[in-house]
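Asks: my questions are about this predicted structure, shown below with the sequence.
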Amino acid sequence: MTRYAHFVGSLPEALMTSDREVLEWFADHSDGWPLTAVPRDLDAGWVVAYLRSLEERNAFDVVRAGDYADYSDMRSYGVRPGHVLEPRDVAMGRVERIGAIVSEFESLQRSRPELADKRVQISQPNPLDLALYVFAGAAVSLGLPVAPAVRNLDVVVTALRHLPVFTAAILQEMSEVTARYGDRVVWQVESPIATLGMVKAEQLRTQWPLGPLLARQLGGFLVRTHEIGAATTLHLCYGDHEHRNLLTPGSLRPVVNLLGHLSQLLCKRGVPLPVVHVPCAYGADPAPLDPAFYRPLRRLDPGWQLIAGVVCPDDVDDSIRALTLFEHASGRTAYGVATACGLGRRTVDGARSAATATITTARADIDAFA
């Protein structure tokens, strides 16, 4: 079975030029190897541009200043007094923009036969993640310590209260895009909050009450995307702002626990399991080479098709060794191979090295490294 190369999405700001050039960058750096999709992200910083734009909308006031320099510099917004928050207030506003990307992608496909059966990949943050980053940035700091979260519990509650508005806005945009371009777009649903929540819950030994709650929200959103006919993949992440992770996992057990809850929920609702990107590396740290880190993968539902987020651009041999451990533990050939997160927080040379390492790892003969 051929492993696909999966590019998570973002590129360094210097490479975020025209739609055509970004799409060509990924196609060119595939070296002819099959891709899961061809990404076109609109923000090298994931959602930072979106968060900054809220200051210009009449619905919000800045209640805690921040310039997103690092995890301690996150801004928090509040709803302007007297205003009732509506989906249009929090919409990402990308329908026409995505249409332009699809048009360029179709043009690229005509000149690249190897892309004929591919879709363009659009990143879509989970509504819970957007709501928390809008209202509860004050609760975010490196390591996600409990004290700041408790001190800022009011803004967390505010984010959860407004979550239905974010969900409605996102589903409305996805519905419009799917109605127009559904057979040409795949949405990469991204939820660092679900991943980090499970890691933190394990640290605090609260995984059993928290795990089902996180899965219920994320799974509920995936059910609704399925109902509107949107094609999705799932991207999990430990945070990568300024190429630094918020938490360091001790193993893949938190991710496996989350996926266990998700598979139960989705199967009960008759929703196919999406392809899922499992991050093994985190921030600037490479994927571990300890077999115990990967051992929890043996408990995964066999229905999951896994993208192994094991690639380190600085050491391809260790990336292949990590992939070997991943596949042996999971008992299946990885559907795809990827870095732990997007390339937007790397240098231009670092992005090129990461792309090359991804293709080399995807091509690897695992038996040679067993």
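Replies: Everything's here; your move. Residues are numbered from 1 along each chain as shown.
Asks: top helix in this structure by residue count?
Replies: In the chain, with assignment by DSSP state H, the single longest helix is helix 207-227.
Asks: for that helix, packing partners?
Replies: Helix 207-227 sits against helix 127-135, helix 163-181, strand 185-190, helix 192-204, strand 232-235, helix 253-268, with contacts defined as 3 or more CB pairs under 8 Å, 6 or more residues apart in numbering; DSSP states H and E. Just so you know, the C-beta spots here come from the backbone N, C-alpha and C atoms, and that holds for glycine as well.
Asks: out of those, which is closest to G99?
Replies: helix 163-181 (6.6 Å; CB to CB).
Asks: where do the strands sit along this structure?
Replies: 4-5, 38-39, 60-64, 76-79, 120-125, 185-190, 232-235, 275-279, 306-309, 336-338 (DSSP state E).
Asks: pull the distance from the longest helix of the chain to the chain's centre.
Replies: How far helix 207-227 lies from its chain's middle: 15 Å, per CA atoms, centre = their mean, to the nearest Å.
Asks: list the buried residues of it.
Replies: Neighbour-count burial for helix 207-227, counted by 16 or more other CB atoms under 10 Å, picks out 207, 210-212, 214-215, 217-219, 221-222, 224-226.
Asks: one step back: export the strands of the chain to a markdown table and tack on distance to S30 and mean neighbour count?
Replies: Output for the strands of the chain, formatted as a markdown table (distance: least, CB to CB, whole Å; neighbours: other CB atoms under 10 Å):
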| stretch | distance to S30 | mean neighbour count |
| --- | --- | --- |
| strand 4-5 | 6 | 22 |
| strand 38-39 | 9 | 24 |
| strand 60-64 | 40 | 15 |
| strand 76-79 | 39 | 21 |
| strand 120-125 | 13 | 24 |
| strand 185-190 | 16 | 24 |
| strand 232-235 | 17 | 24 |
| strand 275-279 | 17 | 24 |
| strand 306-309 | 15 | 26 |
| strand 336-338 | 12 | 28 |
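Asks: what residues does stretch 97-111 touch?
Replies: By CB atoms under 8 Å, 6 or more residues apart in numbering, the residues outside stretch 97-111 that reach it are 18-20, 23-24, 27, 38, 40, 42, 115-116, 118, 120, 122, 177, 180-181, 184-185.
Asks: tell me the mean pLDDT over that stretch?
Replies: Stretch 97-111 shows a mean pLDDT of 97.
Asks: burial check on P81, number of neighbours?
Replies: 6 (other CB atoms under 10 Å).
Asks: residue closest to the middle of the chain?
Replies: With distances taken as CA atoms, centre = their mean, E190 lies nearest the centre of the chain, 3.1 Å away.
Asks: identify the bridge partners of that residue.
Replies: Beta-bridge partners for E190, by DSSP bridges, are P125, H235.
Asks: confidence score at it?
Replies: Here, the pLDDT recorded for E190 equals 97.
Asks: ok, V22 next?
Replies: 98.
Asks: for the residue lying closest to it once chain neighbours are set aside, what are its contacts?
Replies: Nearest non-adjacent residue to V22, counting by CB to CB, 6 or more residues apart in numbering: R40, 5.5 Å away. For R40, the contact set (CB under 8 Å, 6+ apart) comprises G9, D19, V22, L23, I101, F105, V120, Q121, I122.
Asks: any idea how far R40 is from P302?
Replies: Between R40 and P302 the computed distance is 32 Å (CB to CB, to the nearest Å).
Asks: R184 is in contact with R119, isn't it?
Replies: Yes: counting by CB atoms under 8 Å, R184 does reach R119; the two are 5.6 Å apart.
Asks: contacts made by stretch 44-52 with the rest, please.
Replies: Outside stretch 44-52, the residues touching it (CB under 8 Å, 6+ apart) are 10-13, 16, 42-43, 68, 75, 92, 123, 125, 129-130, 133-134, 137, 190, 240-241, 342, 344-345.
Asks: can you check stretch 74-87 too?
Replies: 51, 54-55, 58-68, 89, 133-138, 140, 152, 155, 158, 162, 165-166, 168-169, 172.
Asks: please, a ChimeraX command that selects the buried ones among these?
Replies: In ChimeraX, this line selects whichever of the contacts of stretch 74-87 come out buried by 16+ other CB under 10 Å:
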select :51,54,59,60,64,66,68,89,133,134,135,136,137,138,140,152,155,158,162,165,166,168,169
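Asks: all set now, cheers.
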